[in-house]
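Asker: Need a 3D model of the following:
(3 chains)
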Amino acid sequence: MLFSLSFMSHTVADSTPQRIVSINLCADELLLLLADPEQISALTKLSHDEGASYFRTKALTYPTTTGLAEEVLPFKPDLVIAGEWGGIQTVNLLKKLGLRVETLPLANNMQQVFSNIELMAELTGHPERGTRIVQTMQDYLTRLPAVEANAPLAAVYDPNGYTVGPESLRGQSMTLAGWRNAGELAGIRDYGSLDLETMVRLQPDALIDSPYTLNTYSRAEALAQHPALRGTRLNPQIISVPSNMTICDGPWIVDTIASLQRERLNLATQRSTK
Amino acid sequence: MNYRILLTSLSLLVFCLFCLSLVLGRDPLPIWQAANEVFTDRSSVFAIILTEIRLPRALIALFAGATLGLCGAAMQGLLRNPLASPDLIGSSSGAALAAVIILYFGWQGVSLQMLPLSAMLGSLLATALVFALAGRDASITTLILAGVAVNALATSAMSLLLNLAPSPYAMRELVLWTMGDITDRSMDDFWLMLPFTLFGWALMLGVGKQLNALTLGEETATSLGVNPSWIRWRIFIAIAFAVGATVATTGMIGFIGLVVPHLLRPLVNYEPGRLLPAAALGGAAMLLAADIGVRLIPTDAAIKVGVLTALVGAPFFLYLILRSRKEHL
Amino acid sequence: MSLLTATGVSYQRKQQLLLNNVQLELQAGELLGLIGPNGAGKSTLLKILAGLQKPTRGSIQFQTRALHQFSPQERSQKLAWLAQGGTIHWPLTVERLVALGRLPHLAAWQSATSHDQAAIDQAIQQTGIEHLRQRDATTLSGGERTRVLLARALASEPTVLLADEPIAALDPGYQLQTLELLRTFAQGERACIVVLHELSLAARYCDRLYLLKSGCIVDQGSIAKVLSTENLRNVYHIECEMGCTSIPWVIPSRYIAHK
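Answerer: This is a model prediction of the structure:
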């Protein structure tokens, strides 16, 4: 690990990329965070999307592609950044055409968020920015209080009952914010779905949803209206996290944790006043 | 002669669509400049887009479309059933399953050829399984049942993998792969697909007359010197190779193998043998056209070409069924 | 000279013995009638003679060679088989359907020569389907279809024609026309075996008859010998009025119940 990192920093120092094209939304966000503005040539179309892009306003100044090789080439990129999933054919083709293509892995825990930030900082030739950001995030996280034994229970509840377990980033951020994860109690390791029955049995205090477009159909709100839950003691609070904070990982995960923590404290106050 | 006019005009259509496919894209390509640069400055962006991105895409559309049309016509002629399609003997689903397995376990990184080669192997294995299930002298019904069983097996195994997908992103990748897509393939992909495709086509050479004879039923065809079980295996192996190579490169592209032969059959006076070259050209034209359509439809996420062929093909097929029902009333 | 010979042919499917030790000989220039009740094994015998099925025991010889030594193409050039009823799966035109009869004479890449076209034209003319040439073959009446399929068989210019009930769907006029045609065909080097149920017509057109019952040849030989009162009673369980005025006639008069 150490060896590969030092090796990489060596090559990066030789040639700091000047025309970076990203074909992955999460790479867009980290580029906007870490690269000099003039280093970026193009981003993905999604980076201009309100529901998906955390740095949307910054992104608006750059041209976009839908991620096809023939759109990427005219930018004559000296570095293309792709995601771990999606566009395998495109990545293969760009590599064959002799372009430098780097892949940003999917982060499933806080450690991987740090390493992704550090990786991107290395790639853009600004390792010190990465170190600084990671240091700030770590400082914040170490100040968080330990999870209490009788912590309230929450479940991530996305469309189709999609939920997360402890081996996912969203699961970890819940725990760090002092919630117990209902997905974990339901035996979900990383990603899975939570059926209504399990939900009624576990009686979570809160449902965390992340509606892609605000003020539209929310699965969690719909669930609260379900006859199985109406009139029962189960009356979960609904916590909405903006989707542009959950789709990709980055330093804003700290803000997500903070807001989840705030909601937890609110809940505790409400309960004590009752 | 009518048949020659048909083949000539289909060839012209394919040629025009092929050229259009090189010119049209999400962003227009200055074609003269690009063509010029191919000879003067091969490293220019336009030259690379033309020769390394659009050319393989158009070539793959051409060969994959022709394979689907040809194999559809052969399968319908063999089974004497206009609803037969090359998917029936498991070659498509076998290839798709193999590809999904590779993606699921993340082995696609091992080598660039890993995905297409495994998909082709999957196609051959699925077809071999159909052969083994049906037995050497199987009747058409047994074969179709064996095909349906193997297809069901492959599809359910695929669903299982989707079900177990490690993340929503992985699942999306697996699903997208089964949709049929020819964007961003390289010449390497084309060269890999070509020999298997040509081998499959070569096996189809000269089966036309025998398919014609099968019009009179298997026994009369036998009395005319045709060996029905030999012709059956020959077409099956041809499909396993050609369709296998196609699915390995493009994913599953539906309806071309079904609709194109159906559409062209009246124009060749229903002769199964003459339908083969016509359907090959028609299939190529349809896939090239669909691939051009995909680029011109202004959507945020690019529509997969397999989705478009199914979207256009299914209602069209419905219309054909309704029309033939009216004729039989 | 003997064109086609079956020696000790038996055919067994599952536990059932469909043919039992059949001996048959077809001479050149002969129109041979194969008669017998339904299920006697006539069609099976015809398929075995045509080389479409292998006999369980016994052998078929064409001229001086065993039939199984022939390549499929050689065999199909010598022997034409006309299926009972006959199916047509695609709506080809009549002319293209008749042209399928030339398949045994064409290599995979060879296209039809003027001789092929002449054979097709002659077959079409002989069977009187000139006016149907461009018709869709699946829309024909039963009689028209029978004649088109017969034309297909004739177009392959076989030495031996094996016809399974070729006149079953035809009106009396076409029945006579078809049998005249087979009669004309079975001359010189050529010969024909025809499966028939019309005993009067069998008596009138065939040179010899084979009478088949439950897979065995019950009798064979001249018309007078085979169509005996005793044979008809034994095989078909019928009494017949028979005679020969200007032409021979056999009219079943009474069914005798099985004992």
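Asker: Quick one: the strands in the stretch 151-274 of chain A, in order.
Answerer: Ranges of strands in the stretch 151-274 of chain A, per DSSP state E, counting those that start in this stretch, are A:153-156, A:162-164, A:180-181, A:191-193, A:206-209, A:237-240.
Asker: and the fourth one, how far from the chain's centre?
Answerer: What that stands for is strand A:191-193. 16 Å (CA atoms, centre = their mean, to the nearest Å).
Asker: same question, the last one
Answerer: Strand A:237-240 has its average C-alpha position 18 Å from the chain's average C-alpha position, going by CA atoms, centre = their mean.
Asker: in its sheet, what does that strand sit against?
Answerer: Applying DSSP bridges to the sheet, strand A:237-240 is found paired with strand A:206-209 (parallel).
Asker: CA atoms of the strand it pairs with as CSV?
Answerer: Output of strand A:206-209 as CSV, limited to C-alpha atoms (Å, rounded to 0.1, in the frame of the first residue of the first chain):
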residue,chain,number,x,y,z
ALA,A,206,-37.0,7.3,12.4
LEU,A,207,-36.9,6.6,8.7
ILE,A,208,-34.1,8.3,6.7
ASP,A,209,-35.0,8.9,3.2
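Asker: Report pLDDT for the closest residue to chain C within the stretch 1-150 of chain B.
Answerer: Scanning the stretch 1-150 of chain B for the residue nearest chain C gives residue B:80, at 4.0 Å (criterion: CB to the nearest CB). C-beta coordinates here come from the backbone N, C-alpha and C atoms, glycine included. According to the prediction, residue B:80 has pLDDT 86.
Asker: ok, back up a step: need the strands of the stretch 151-274 of chain A in a markdown table with mean neighbour count and distance to residue C:192, can you?
Answerer: A markdown table is the format used below for those (neighbours: other CB atoms under 10 Å in any protein chain shown; distance: least, CB to CB, whole Å):
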| stretch | mean neighbour count | distance to residue C:192 |
| --- | --- | --- |
| strand A:153-156 | 26 | 84 |
| strand A:162-164 | 24 | 76 |
| strand A:180-181 | 23 | 88 |
| strand A:191-193 | 18 | 74 |
| strand A:206-209 | 25 | 85 |
| strand A:237-240 | 18 | 89 |
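Asker: will you turn those into a markdown table that also has distance to residue C:66 and mean pLDDT?
Answerer: As requested, the strands of the stretch 151-274 of chain A are arranged in a markdown table below (distance: least, CB to CB, whole Å; pLDDT from 0 to 100):
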| stretch | distance to residue C:66 | mean pLDDT |
| --- | --- | --- |
| strand A:153-156 | 79 | 90 |
| strand A:162-164 | 72 | 85 |
| strand A:180-181 | 82 | 91 |
| strand A:191-193 | 70 | 81 |
| strand A:206-209 | 82 | 86 |
| strand A:237-240 | 87 | 84 |
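Asker: how about a markdown table for those strands, with distance to residue B:321 added?
Answerer: What follows is those, written out as a markdown table (distance: least, CB to CB, whole Å):
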| stretch | distance to residue B:321 |
| --- | --- |
| strand A:153-156 | 46 |
| strand A:162-164 | 39 |
| strand A:180-181 | 52 |
| strand A:191-193 | 38 |
| strand A:206-209 | 44 |
| strand A:237-240 | 48 |
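Asker: From the contact counts, what lies against the least confident helix or strand in chain B by mean pLDDT?
Answerer: Within chain B, no helix or strand scores below helix B:168-177, which has a mean of 73 by mean pLDDT, DSSP states H and E. Here helix B:168-177 touches helix B:91-104, helix B:140-163, going by 3 or more CB pairs under 8 Å, 6 or more residues apart in numbering or on different chains; DSSP states H and E.
Asker: which residues does residue C:189 contact?
Answerer: Counting by CB atoms under 8 Å, 6 or more residues apart in numbering or on different chains, residue C:189 touches C:28, C:29, C:159.
Asker: which phi and psi does it have?
Answerer: Residue C:189 adopts backbone torsions of phi -80, psi -20, taken as degrees, to the nearest 10.
Asker: Okay, now the unreliable bits of chain A?
Answerer: Across chain A, the ranges flagged by pLDDT under 70 are A:1-14, A:147, A:160, A:212-234, A:274.
Asker: So in it, which helix runs the longest?
Answerer: Ranked by residue count and defined by DSSP state H, the top helix of chain A is helix A:253-273.
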